[in-house]
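Undergrad: make a model of this:
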Amino acid sequence: MAMSALAAQLGGRLGGEVVSADSMQVYKGLDIITNKVSPQEQRLCRHHMLSFVDPLVSNYTVVDFRDRAGPLIEDILARDKIPIVVGGTNYYIEALLWKVLVDTKDKDTVAPAPVPDRKVELERMDGAELHRRLRRVDPAMAARLHPHDKRKVARSLQVFEETGIPHSEILHRQQQEEGGGPLGGPLKYPHSCILWLHADQAALDERLEKRVDDMLAAGLLQELRDFHRRYNRQRVAENRQDYQHGIFQSIGFKEFHEYLVSEGSCSPETSALLLQKGIQALKQVTKRYARRQNKWVRNRFLKRPGPNVPPVYGLEVSDLLRWEEDVLKPALEIVESFMQGREPPAAPVRMERDAHENKRSHRVCDVCDRVIIGDREWAAHTRSKSHRHHLKKRQKLETAGGAAGSEGAGDSAEPSVEDSVSPSL
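TA: Predicted coordinates:
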């Protein structure tokens, strides 16, 4: 909520308009669980990209978002106002900042009937088979993607099928354009900056848990019941519920699945246990998502120096009682400096990086039977408890096997049947 609150306040103070870059907030409904900006904050300035997609639409993509949000931003700029993008969803924000997407839809063709989404069709296939297909047509992209990441693998296959060009080649061409770089093609808005709200981890976790409690107090359960009854009950009855696409993948909805489908058909005690299970799951997934967001900022922006990366300014939000001093006032100074072409009083956040680190290295851990992408991920894996456990287990088996072989060799000159076949097993 801190991000949306700051965006609304900046818009109100500086004559800006807010563009939401949240993939779940584009859908109508589930306002509480998707954490949509409050009506009070919306009154501070105009907001865009909220609640305009039907909940049953499952193939709304980041390309659709870009094609609608991009002209909105251009219109805001043409009216001499400031577009303030707030979010949200990582790749939605990236799609607005850089030329990073591949168009595969024919905008000039109107189909007489709904056209099946090829990516969704591919995602229904076996993950290993998908990755094998990608290795055949685009080995460079296959080396960058984990075999378990079916959505990205399917997207790369879709791009190749619908354009005839390997996805990796298209991305390489974008990066080679003038002003391009590791993150994609040229920066669309060269005078943009990023405000990164961050907090002490303990303070953030406590605040996120309280946010879930506040959602419950605001009527979260009734919102979920109503939405389930209108849009999902029949899908569950027909065993065709899909928590991987559209609004049904929203954090919070699937966590209460067991509670929603069993409410009224189980004992009050069981229902209460399922409710608590859903609440705790929502708190845990919310905290994990916040960690991923911070990791994304560090990896995508702070460790990618270059002309096509906007400067990132950190704002400390650990103590909300210091909102005016630590957040609003410095944010206003930074944005006003950019508007006036001055150097902001605050320095952008810098982070050291390893120039030799390969984020796309591809390794197979034969001990754990896992594919690991990236140098840092490989180092973390080899230090993990799971890897050490499997390694220790293998070493014990090898030691036991060696000892048994030594004992058998000295038993007698006439080997038994068991002795004679054991080396070949």
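Undergrad: now do the strands in this structure.
TA: 16-20, 47-48, 82-86, 194-198, 312-316, 362-365, 370-373 (DSSP state E).
Undergrad: where among these is the average confidence lowest?
TA: Mean pLDDT per stretch puts strand 370-373 lowest among these, at a mean of 75.
Undergrad: that older thread, possible to save the strands of the chain as CSV with distance to Gln241?
TA: The C-beta positions use only the backbone N, C-alpha and C, and glycine is treated the same way. Formatted as CSV, the strands of the chain follow (distance: least, Cβ to Cβ, whole Å):
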stretch, distance to Gln241
strand 16-20, 26
strand 47-48, 31
strand 82-86, 30
strand 194-198, 35
strand 312-316, 39
strand 362-365, 34
strand 370-373, 29
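Undergrad: highest mean neighbour count out of those strands?
TA: strand 16-20 (a mean of 24; mean count of other Cβ atoms under 10 Å).
Undergrad: packing partners for that strand?
TA: Packed against strand 16-20 by the contact rule (3 or more Cβ pairs under 8 Å, 6 or more residues apart in numbering; DSSP states H and E) you find helix 2-14, strand 47-48, helix 62-78, strand 82-86.
Undergrad: wait, which of these is closest to Asn239?
TA: Proximity to Asn239 (Cβ to Cβ) singles out helix 62-78 among the helices and strands packed on strand 16-20, at 28.3 Å.
Undergrad: dump the residue contacts of Gly164.
TA: Applying Cβ atoms under 8 Å, 6 or more residues apart in numbering to Gly164 gives no contacts.
Undergrad: going forward, count from 677.
TA: Sure, I'll start counting at 677 from here, so that last one is Gly840.
Undergrad: ok, now how distant is it from Leu1067?
TA: In this view, Gly840 and Leu1067 are 45 Å apart by Cβ to Cβ, to the nearest Å.
Undergrad: now swap in Tyr865 and tell me
TA: For Tyr865, the distance to Leu1067 - Cβ to Cβ - is 49 Å.
Undergrad: with Tyr768 instead?
TA: Distance, Tyr768 to Leu1067, using Cβ to Cβ: 40 Å.
Undergrad: same deal with Leu690?
TA: Separation of Leu690 from Leu1067 (Cβ to Cβ): 56 Å.
Undergrad: tell me where the stretch 927-1076 of the chain has helices.
TA: Under the criterion DSSP state H, counting those that start in this stretch, the stretch 927-1076 of the chain contains helices at 933-938, 944-973, 999, 1005-1016, 1051-1059, 1061-1085.
Undergrad: so, low pLDDT: which residues of the stretch 977-1101 of the chain?
TA: Counting by pLDDT under 70, the ranges of the stretch 977-1101 of the chain that qualify are 980-983, 1028-1036, 1077-1101.
Undergrad: one more time with 80, if that's ok
TA: 979-984, 1027-1038, 1040, 1045-1054, 1074, 1076-1101 (pLDDT under 80).
Undergrad: ok, now the stretch 727-876 of the chain?
TA: Where the stretch 727-876 of the chain drops to pLDDT under 80, the residues are 776-793, 795-796, 854-861.
Undergrad: show me where it has helices.
TA: Under DSSP H, counting those that start in this stretch, the stretch 727-876 of the chain gives helices at 738-754, 766-773, 794-799, 803-813, 815-820, 826-839, 843-852.
Undergrad: nearest to Asp876 among those would be which one?
TA: The closest of the helices of the stretch 727-876 of the chain to Asp876 is helix 766-773. By Cβ to Cβ, the value is 22.5 Å.
Undergrad: who are the packing partners of the closest one?
TA: helix 738-754.
Undergrad: packing partners for the helix it packs on?
TA: strand 692-696, strand 758-762, helix 766-773.
Undergrad: what's the closest of the ones you listed to Asp707?
TA: Using Cβ to Cβ, these put strand 692-696 closest to Asp707, at 12.3 Å.
Undergrad: so what are the sheet partners of the closest one and their directions?
TA: When pairing is defined by DSSP bridges, strand 692-696 lines up against strand 723-724 (parallel), strand 758-762 (parallel).
Undergrad: and it with helix 738-754, angle?
TA: 180 degrees (axes from the mean of the first three to the mean of the last three Cα atoms, to 10 degrees).
Undergrad: so which residues make contact with strand 692-696?
TA: Strand 692-696 has contacts (Cβ under 8 Å, 6+ apart) with 680, 683-684, 686-687, 702, 713, 721-726, 745, 748-749, 752, 757-764, 772.
Undergrad: excluding covalently adjacent residues, which one is nearest to Thr962?
TA: Setting aside the residues directly before and after it, Thr962 is nearest to Leu884 in space (Cβ to Cβ, 6 or more residues apart in numbering), at 5.0 Å.
Undergrad: equivalent analysis for Pro986, please.
TA: Using Cβ to Cβ, 6+ apart, the closest residue to Pro986 is Ser868 (4.8 Å).
Undergrad: ok, now how distant is Arg1064 from Thr710?
TA: 40 Å.
Undergrad: neighbour-wise, which of these two wins?
TA: Thr710 (21 against 12; other Cβ atoms under 10 Å).
Undergrad: OK, contacts around the more buried one?
TA: Thr710 touches 698, 700-701, 703, 923, 926, 928, counting by Cβ under 8 Å, 6+ apart.
Undergrad: quick check, nearest of the residues you listed to Phe1014?
TA: So of the contacts of Thr710, ranked by how close each gets to Phe1014 (Cβ to Cβ), first place is Asp698, at 23.5 Å.
Undergrad: run a quick neighbour tally on that closest one.
TA: By other Cβ under 10 Å, neighbour count at Asp698 equals 23.
Undergrad: what's the spacing between the nearest residue in space to Pro1024 that is not next to it in sequence and Arg974?
TA: Distances taken as Cβ to Cβ, 6+ apart put Pro987 closest to Pro1024, at 3.8 Å, once the chain neighbours are dropped. From Pro987 across to Arg974, the span is 15 Å (Cβ to Cβ).
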